[in-house]
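Chemist: coordinates for the following, if possible.
(2 chains)
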Amino acid sequence: MPSFIQSANLLPPRMDLDLQNALTPTPHPLEADPLPRSKSNTGAPAGISSPANRRRRWFHNDSAMFWLMMSPAILGFLTFSAGPMLSSLYLSCTKYDVVSSPRWVGVDNYLYLLRHDPAFWPSVKVTAVYAAVSVPLSLVIALLIAMLLNQRIFARNLFRTIFFLPTLLPATASGVVWVWIFDPTRGLLNHALASVGILGPAWMHSTTWALPALIIMSLWGFGGAMIIFLAGLQEVPRQLYEAAELDGAGSWNQFYHVTLPMISPVLFFNLVMGIIGALKAFDLAFVTSTAAGAGAGGPARATLFYTLNLYQKSFNYFHMGLGSAMAWMLFAAILLLTAINFVLGKRWVHTS
Amino acid sequence: MTNVEGMTTSKTPVPRRWLIWLCLLAGSVVMLLPLAWMILTSLKTFPETLADPPAWIPAHFQWGNYLTAIRGFEFSRYFANSVFVTVACIAGTLVSSCLTAYALVAYKVRGNNLVFGLLLATLMLPGQVTVIPLFRLYVGLHWINTFRPLIVPSWFGGNVFAMFLLRQFFLQIPRDYIEAARIDGASELRILATIFVPLAKPALLTIAVFTFIGTWNDLWGPLIYLYDEKLYTLPLGLMQFIGIAGNAQGTPWQLVMAVSTIMMIPVVIVFFLAQKRFIEGISAAGIKG
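Modeler: Residues are numbered from 1 along each chain as shown, chains lettered A, B, ... in the order given. This is a model prediction of the structure:
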């Protein structure tokens, strides 16, 4: 308890400073403190410091309580997020292998990656293709299924459960089934293709077909986006459809002029999260390429996702400077794509 | 769910509703096929797994595969490790998100919005950006090859989404409750524990199930921080099993599938018990976020 009080007493001067600053025109309504308690705190008569009084004073010092209760999260933020983020920027300009201390090399890591590294551009390409194909496809499927589920039909909740469940299953476990299903000679898929007269490709063993196989597998996880679409669809007021119908709008027009604008914020959210998720994709590629015996990222870098490349550089070869540079480029790409999304989103996202 | 009146007043014509239903049925079959294949394969004999054309139903269900898999692979150890890490993360996430969310809601002090905004911004930060400095930090702390890198952050507000979700929930609790309890002389922690926590049970349950799934399925963290096989969690243990099996001739796929199936069972159970929570949590992320 005493240490608490000490920290409580440390704060008032800062609050006094804030009150002075608060003379500036518009204080935020939430931040404006109706009772400047710091005054009563610092200016409390010296005589009344009975334990009960101290307690009361303590409980009423919102500022002290706030910072005290937030301190684990703030400490965590500094130690596990903000600190490492900046540290990573520094490490990206060094040669670092964990054993010896980092040595400054400036922008060499970035230049090396962009110009000479044999794996960098292939991994960018794999990730870009994956994101460009898998995100729109899974959004379309998710929206389609969500719209079908938004009807009054028998066993609706059961269907919702079935479509959603796969997104929760561990990629390590589902990955091995996929490898077995996509096995070129003994796999279920190629047998099904053979029965309709198509000679299936070697999938995970083929440099051409490994990425398409992964994209197909990833579509299995559209359930999260579907649930969000469903929640969005349920918020569309029925009257809008009724009005559109009175105006003679057919199903397509109702979809295009009512549904789509009304769920555009949800679509936007799914798009942003989908792209970020695709850029960070790791588990499925790592598990399936390993399980297929092609080596992680194989065959011949055909499934070398960006994060997989980053992982190998950092934790297999301990080129942690290069790894950090890759991490920062990923971060920049995510920020850039999200910013682009927000700018473009202004044009098509309907805000009420 | 579906009431008769609703069906008759619904605008969708009956034949079209049947068509929709059939589409959904076909979709469900596609969704469940890999799972069915996994479970059926786990019950086959080794020659049956290689049969050409593939046989769906094994001649005799080989339940013994599960025993073999559990014994042959240090399954119980990995399972216990996974349970330990998962429980510790759930506890940490619940405690720290309660404290943080309460502070954000109860004290509208200067800096409140700034702190909230900063914490929320970390949702944008990919784990890959922080992993190398964190690795370096944990090497310095001698935390590599312990569960600490997996658990400790969750006790320090590591799960920002949980904090966000709980804050939104706490905001719906009238502030008068806090004021009334304060007048009665209740301490802040007591207000949190006896008023907020009981009222926020649904949100806390949602957070618990999401943390469970996230930690149970996590491959990335254990892959980077755990080296000693004795500490492996299930995903990593299975990965190692695949790594060996994947390169060898005559992979015992039936055993790999048995392990995968066991690994999925807790997820499926939690999902069915807390399905509503999942749906609400995910919807909240999309609608409010």
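Chemist: contacting residues for residue B:129?
Modeler: Contacts here follow CB atoms under 8 Å, 6 or more residues apart in numbering or on different chains; on that basis residue B:129 touches A:84, A:85, A:88, A:327, A:328, A:330, A:331. For glycine as for every other residue, the C-beta is placed from the backbone atoms N, C-alpha and C.
Chemist: flag every buried residue along the helix or strand containing it.
Modeler: In this assignment (DSSP states H and E), residue B:129 forms part of helix B:127-141. For helix B:127-141, a neighbour-count test (16 or more other CB atoms under 10 Å in any protein chain shown) marks B:127, B:128, B:129, B:130, B:131, B:132, B:133, B:134, B:135, B:136, B:137, B:138 as buried.
Chemist: as JSON lines, those residues with pLDDT would be great.
Modeler: As requested, the buried residues of helix B:127-141 are arranged in JSON lines below (pLDDT from 0 to 100):
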{"residue": "B:127", "pLDDT": "89"}
{"residue": "B:128", "pLDDT": "89"}
{"residue": "B:129", "pLDDT": "91"}
{"residue": "B:130", "pLDDT": "93"}
{"residue": "B:131", "pLDDT": "94"}
{"residue": "B:132", "pLDDT": "95"}
{"residue": "B:133", "pLDDT": "95"}
{"residue": "B:134", "pLDDT": "95"}
{"residue": "B:135", "pLDDT": "95"}
{"residue": "B:136", "pLDDT": "94"}
{"residue": "B:137", "pLDDT": "94"}
{"residue": "B:138", "pLDDT": "95"}
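Chemist: distance to residue A:276 added to the residues you listed, as JSON lines?
Modeler: Putting the buried residues of helix B:127-141 into JSON lines (distance: CB to CB, whole Å) gives the following:
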{"residue": "B:127", "distance to residue A:276": "11"}
{"residue": "B:128", "distance to residue A:276": "12"}
{"residue": "B:129", "distance to residue A:276": "12"}
{"residue": "B:130", "distance to residue A:276": "15"}
{"residue": "B:131", "distance to residue A:276": "16"}
{"residue": "B:132", "distance to residue A:276": "20"}
{"residue": "B:133", "distance to residue A:276": "21"}
{"residue": "B:134", "distance to residue A:276": "20"}
{"residue": "B:135", "distance to residue A:276": "22"}
{"residue": "B:136", "distance to residue A:276": "25"}
{"residue": "B:137", "distance to residue A:276": "25"}
{"residue": "B:138", "distance to residue A:276": "25"}
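Chemist: which of the contacts of residue B:129 fall within helices?
Modeler: A:84, A:85, A:88, A:327, A:328, A:330, A:331 (DSSP state H).
Chemist: about what we covered before: same for whatever helix or strand comes next after the helix holding residue B:129, what does it pack against?
Modeler: Using DSSP H and E, the helix or strand that follows helix B:127-141 in sequence is helix B:148-155. If you count contacts as 3 or more CB pairs under 8 Å, 6 or more residues apart in numbering or on different chains; DSSP states H and E, helix B:148-155 packs onto helix A:62-76, helix B:75-106, helix B:127-141, helix B:220-225.
Chemist: quick one: the helices in the stretch 51-200 of chain A?
Modeler: In the stretch 51-200 of chain A, helices defined by DSSP state H, counting those that start in this stretch lie at A:51-60, A:62-76, A:83-91, A:108-115, A:120-149, A:156-164, A:171-181, A:188-195, listed in chain order.
Chemist: same check, this time on the stretch 251-352 of chain A
Modeler: A:251-254, A:260-280, A:283-291, A:306-311, A:320-348.
Chemist: low-confidence stretches in the chain?
Modeler: Using chain A. A:1-60, A:352 (pLDDT under 70).
Chemist: not what I meant, chain B
Modeler: For chain B (pLDDT under 70), the answer is B:1-12, B:244-251, B:285-289.
Chemist: the host helix or strand of residue B:117 packs against which elements?
Modeler: Remark: residue B:117 resides in helix B:112-121, with elements defined by DSSP H and E. When contacts are defined as 3+ CB pairs under 8 Å, 6+ apart, helix B:112-121 packs onto helix A:62-76, helix B:75-106, helix B:160-170.
Chemist: can you put those in JSON lines and add mean neighbour count and distance to residue A:299?
Modeler: Putting those into JSON lines (neighbours: other CB atoms under 10 Å in any protein chain shown; distance: least, CB to CB, whole Å) gives the following:
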{"stretch": "helix A:62-76", "mean neighbour count": "21", "distance to residue A:299": "41"}
{"stretch": "helix B:75-106", "mean neighbour count": "21", "distance to residue A:299": "29"}
{"stretch": "helix B:160-170", "mean neighbour count": "22", "distance to residue A:299": "37"}
